[in-house]
Every structure is written in structure tokens, then in C-alpha cells.
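Student: coordinates only, sequence not included:
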């Protein structure tokens, strides 16, 4: 039985959209899944009333406190031990649940992930990636997208391995192509970080490194995993998100650009921590919650964390 | 009389498109302009035959050699002293022309700009920006877009001043808003470079600093001058260029996205060197050449270089 925890109080439209997402997930009749819903019990129970959700599929865990979006992460986690995020991480750390999902305060989620469940041995810095829609209908992964604004070459090489394992097992891309985001195609191009990273990626036996990719290659499927530090990745991701907004404002109907609605993909996992943790957009709607629960089940059923652990134990 | 030099042999469609651009520029009946056309004289003369170009508007300067796109810049400039680029810079350095334009070998153009005409006193590193189309029809400037892959905070502050003067005098934006490209809105956010640059921009009296801007703000007119190091700027620019390609492939007709055809803007000036030098895309068509000549005339008539010189002499 997969036990998946969901912060019902996180995100701009909580708990309504979280509840809708849970219902929508359960309508897919998942086997072997039990959902733990963290939040204001009376509120959640009342929203679930008269719904066709089988009672054996979920447990509401009452969390009387909420960490708001703009609270200081460490302080809030410490002071609000009865918050949905604090209780969720406590249960994750004590094996009460196998994965934890939230669209709430990203900083608090990161602090919780790093301090309650720790980093996998051998990994210097966990990372967060983002899905990138490509014209052929597939998804690529851009990593890092903001967690690590300043990086060393070794960090980027680890992100490449983490992203590659995620792409293979969660995005179902066999032998994913890994590209280094850079400002020229040839080896030797780029800033100091990219120049120093290239040889590490070339030597990294855990990945299928295809060389440098440029800004023009991000939105096509030249590479499945696109590696950069979190500053560049974050700015690129937010620009791509804004392209979606522009197409909507200009009433452009296009199947491909509709897939630039990054909110639809749900959240992205924190890669490199010892258990599945998924962080969603603050603006997550029900479909995002549903997708995040699906990603969590996939991370559990494919043993992604174990695969990452074993990959890094080989390299130490 | 403004004397503008054009490398007729530079770019993928030289000299045909360069000749067409020259003709098209002259059709706008510019006053006080004389064009110096550097290149293979018989070829250029034959292309100009039977055209309605008044002979007093131009002088062909024969350059029997051509620096090809993939030649090593320093070596090629040294060995091909009879090339259009070498002759162009020689004439620029000796006041035979007031501005020099080429869509040829970018590296050779940079080497020529830095070594034949030098950097303006006080400027540590010249920079190259790119126009960014905004939804309201205006153009912003993203600077740097690849010339300086690794930067210090002082470099970014100088780029801000240079970009601001360009935006004010060439893009006609009074008191242009300068934004620092970053991964968060508040002061203190970002990577080490952005964190250290913020206070310098705040103190920079030559600019109207509005604070941090994020990836989502690049394509709207939140800031007129968007400052970052050349790695991020280059990757952003090339992603934006690729959005245009995607809209074309998907047969999306949209006035705004049509303006993402960066080639149409012609070239961008090298900001910070002692005379107007404009470098075009290798794929420049006639309209790009025409636009580059226009930008050159504007740089000369607004005394942009003198304004930059005086701005930096105040800060020393």
C-alpha cells in the first residue's frame, strides 16, 4: 500500500482545489493507494461530504495551523509544529507516509525536506527541475530552476545524474539525452562554470551526455535533461511561462503553446532527498494536485529514491 | 556629412542583400549621408548598375579579401589586411568614416572594435545588447547578450549606464527604466553576482533603477533596459528567438510574435567603444542592412559616443 500525504492547506486555492484534486485522483481508481490529507479537518470533511470518495481511500489528519505563503520558512516550521507542512514532514520522517506533496510555502517545504528527511548520501545539493514541453508532445526536464542560484561544476554533474534518473523512470525516456545549457555548441565555449562542467559531464558514466545546447534548443527535443545552475534555469523557466501568458492574452489557440501552461503539470519533485517530496505552484488547481499525486505514486512504484541512492553509492 | 562604412562582403547573403539594403536606405532620401561600401568592387558595381542610386551618395572602396565566417578573428584580421573588415576599421580609426557596419565574422568585428578604435576611457568592458519586442509595440534592450560570459558587479553597472544611454537616445525612451534580471523581486535575492550588483545599481546616479525583474518580465515593458551577464542574456535571447521559429513552424499569425523575428532589427551596436560599430546577424537580409545604416546615422546624429564618454568621465 502506497501512503501519500497531501498538504490540503497549501496553495492559493486551498483547501477547495486540493480536495477536488484528491477526488479527481481517486476517480482514476488507483490500486494500493491510501491518501493522508493534512489540514483543517472540519473544513476538509465538509468539502468531502456527499462526494463519492470511498472512505477507505483516505485519512484526514487534523492540522490546526497553516504556514502562510510569505512566512519565514525556518521560523514558521519551528513555531507552527501543528501546521499541515510540519505534521506532513513528521509523518514522512517516521514512515507514516511514503511521499509528501504541498503547493504551500516553497521555502518551508525545502527546509522540511532538507532537515526532516535529509539528503541522499553522496549528494551535495538537492535540486528542483521543471518540465519543458517540446513540439513533438514530449516533456523534457530543465534542472536546476532556482533552488541553487550559485553552483560548482560538481553540483551540475550531480543534477545531470538526478535529472537523468527522473527522466528515465518518471518521464519514461530510455537513456535520456543530457545537454549542458551553454552559449555555444563546441566544447570550451561558455562561462567559467560551463567550461569546467563540460569535462565532468563527459566523464559522468551515469548519463548519456550529448554536449552543449543553446537557448534555441531548450524548447525542442535536442536534449531530454537540460542542465544549468538555478539562476539561468529560473529565468528561462519564467520566460517560458510568460510566453504562455502572452499567447492567452493574444487569444492564440495552439495545442503546443497550451502545453506551456506549466501549472497543469503539477509540481516538481525535490531530487536528491531521501524520500519523495513534491512541491507545487502556489496557483495549483485541482488538475495540478491530481498530477502531483500521480507523480508521487510513480516515484514510489519505480523506487526512484532507491535508484538514486544506489547510483550515488556507486560513485563514492 | 555623416560618412558611414558598410562591409558589403559580410553575412550569408553578401554582397547581394547588402547592396539591396544600401539601395533601400538611399530610397528614404537621407540628408547629409555618404556611404562607403567596402568589398569586391567589380561585383558591387555590377549589382549597382542600372539602379537608381545617385552616384554622389556612395563610394566603393575595393577590398579584394574576405574574412570568412569561421576564420579565427585575430589571425584573419592580421593576415587579411585587404579584407573589407580590416579596411573598414582602418578607415574608422583614421576618421575616413564615422561609423562601421558589418554582418560578417562577429569575432573579427569585436577584435577590430577593441583594438583599432579602443574602449572609451573608464569602461572596463564593452557590451552588446539585443532589442526585445514588448507587447505594447515598443522595444526594450537586454544587455549583455553574450560578449561577457563572466562578469563582475561593476561590469553590470556599466552595462546599465551604457544600455540606458542607448535606450534614451536611440530607442527614444526618456528616462529609461533599468531592471536587474534576477530570480526574485526583493533586494537581497539572487545569486552572488546579482546580490552584489543590486546596491551598485541603486547607487548609480546615471540610471533610473527600478529594482529586480524576473524571467516573466523580460517580454513585457516592466523595464526598458534589462541588465545581466552575457551567459544568461545569450540563453534568454536565443530562447526568445526560438519562440519566433516555433510560431512560424506552427503557422501562427500574430503581429506581436512576428516582432520576435530578431533578424529584422538589423544589428546591435558594440556599446562602450570609441566610435559607432554595429554588428549584424550573419543571416541579415536587405532590411537588416537598411536598419543598421539607420541606427548608425542615429548614433552619429545624437552624438551617442560623446554622451557615453562624458557620462563615464563624470564617474571617474
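Tutor: Great, that's in hand. These numbers come from a predicted model, not from an experiment.

Student: So for the nearest residue to residue A:146 once chain neighbours are set aside, what's the pLDDT?
Tutor: Sequence neighbours aside, residue A:234 is the residue nearest to residue A:146 in space, at 3.6 Å (criterion: C-beta to C-beta, 6 or more residues apart in numbering or on different chains). The C-beta positions use only the backbone N, C-alpha and C, and glycine is treated the same way. At residue A:234, the model reports a pLDDT of 95.

Student: Which helix or which strand is home to residue A:234?
Tutor: helix A:230-249 (DSSP states H and E).

Student: The one residue in the stretch 1-150 of chain A that gets nearest to chain B: what's it in contact with?
Tutor: Going by C-beta to the nearest C-beta, chain B is nearest to residue A:149 of the stretch 1-150 of chain A, at 3.8 Å. By C-beta atoms under 8 Å, 6 or more residues apart in numbering or on different chains, the contact set of residue A:149 is A:229-231, A:234, B:183, B:190-192, B:194.

Student: Dump those residues into CSV; add distance to residue B:312 and neighbour count as well.
Tutor: Below are the contacts of residue A:149 laid out as CSV (distance: C-beta to C-beta, whole Å; neighbours: other C-beta atoms under 10 Å in any protein chain shown):
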residue, distance to residue B:312, neighbour count
A:229, 31, 29
A:230, 34, 24
A:231, 28, 27
A:234, 32, 28
B:183, 30, 22
B:190, 26, 22
B:191, 27, 21
B:192, 26, 11
B:194, 23, 26
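
Student: so which of those would you say is closest to residue A:270?
Tutor: In terms of C-beta to C-beta, no member of those lies closer to residue A:270 than residue A:230, at 12.7 Å.

Student: where does the stretch 201-316 of chain A have low pLDDT?
Tutor: Applying pLDDT under 70 to the stretch 201-316 of chain A picks out residues A:314-316.

Student: tell me the strands in it, going along the chain?
Tutor: A:208-213, A:225-227, A:268-271, A:277-279 (DSSP state E, counting those that start in this stretch).

Student: Could you report the neighbour count for the nearest residue to residue A:296 once chain neighbours are set aside?
Tutor: Distances taken as C-beta to C-beta, 6+ apart place residue A:99 nearest to residue A:296, at 4.0 Å, with adjacent residues excluded. Neighbourhood size, residue A:99 [other C-beta atoms under 10 Å in any protein chain shown]: 26.

Student: what is residue A:99 paired to in the beta sheet?
Tutor: residue A:4 (DSSP bridges).

Student: For it, give me its contacts.
Tutor: A:2-5, A:92, A:275-278, A:296-297, A:299-300.

Student: if I look at residue A:181, how far off is residue A:223?
Tutor: Computed as C-beta to C-beta, to the nearest Å, the residue A:181 to residue A:223 distance reads 9 Å.

Student: between these two, what contacts are shared?
Tutor: In contact with both residue A:181 and residue A:223: residue A:213, using C-beta under 8 Å, 6+ apart.

Student: Take the contacts of residue A:149 and lay them out in JSON lines including distance to residue A:121.
Tutor: Listed next are the contacts of residue A:149 as JSON lines, based on distance: C-beta to C-beta, whole Å:
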{"residue": "A:229", "distance to residue A:121": "23"}
{"residue": "A:230", "distance to residue A:121": "22"}
{"residue": "A:231", "distance to residue A:121": "27"}
{"residue": "A:234", "distance to residue A:121": "27"}
{"residue": "B:183", "distance to residue A:121": "29"}
{"residue": "B:190", "distance to residue A:121": "30"}
{"residue": "B:191", "distance to residue A:121": "27"}
{"residue": "B:192", "distance to residue A:121": "28"}
{"residue": "B:194", "distance to residue A:121": "32"}
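
Student: how far away is the closest residue in space to residue A:149 that isn't next to it in sequence from residue B:156?
Tutor: Leaving aside its sequence neighbours, residue A:149 sits nearest to residue B:191 (C-beta to C-beta, 6+ apart; 3.8 Å). Distance, residue B:191 to residue B:156, using C-beta to C-beta: 12 Å.

Student: Under the pLDDT cut-off, which ranges of the stretch 51-200 of chain A? List them.
Tutor: Within the stretch 51-200 of chain A, no stretch has pLDDT under 70.

Student: Up against chain B, what does it have?
Tutor: Contact residues, the stretch 51-200 of chain A versus chain B (C-beta under 8 Å from any C-beta of the partner chain): A:135, A:146, A:149-150, A:181-183, A:190-192, A:194.

Student: Filter the residues you listed down to the ones in helices?
Tutor: In this view, these that belong to helices under DSSP state H are A:192, A:194.

Student: Just confirm residue A:9 contacts residue A:63, I think it does.
Tutor: Yes. With contact defined as C-beta atoms under 8 Å, residue A:9 counts as touching residue A:63 (6.9 Å).

Student: ok so, going back, please name the residues that touch the residue nearest to residue A:149.
Tutor: A:149-150, A:229-231, B:183.

Student: try residue A:147
Tutor: Counting by C-beta under 8 Å, 6+ apart, residue A:147 has contacts A:110, A:125-128, A:230, A:270.

Student: Return the subset of those lying in helices.
Tutor: A:110, A:230.

Student: Could you measure from residue A:136 over to residue A:173?
Tutor: Taking C-beta to C-beta, one finds residue A:136 at 12 Å from residue A:173.

Student: how does chain A divide into domains?
Tutor: A:1-123+A:272-304, A:125-261 (automatic domain parsing).

Student: between those domains, which gets nearest to residue B:201?
Tutor: domain A:125-261 (16.7 Å).

Student: Work out the gap between that closest one and the centre of the chain.
Tutor: On the basis of C-alpha atoms, centre = their mean, to the nearest Å, domain A:125-261 sits 14 Å off its chain's mean C-alpha point.

Student: quick revisit: just name the closest of the residues of the stretch 51-200 of chain A next to chain B to residue A:35, please.
Tutor: Nearest to residue A:35 among these, with distances taken as C-beta to C-beta, is residue A:146, at 28.4 Å.

Student: got a list of what the closest one touches?
Tutor: A:128, A:230-231, A:233-234, A:237, B:183.

Student: what do you get for residue A:41?
Tutor: A:60-62.

Student: Quick one: which of those residues is the most crowded by neighbours?
Tutor: residue A:61 leads these on contacts (other C-beta under 10 Å) with 20 neighbours.
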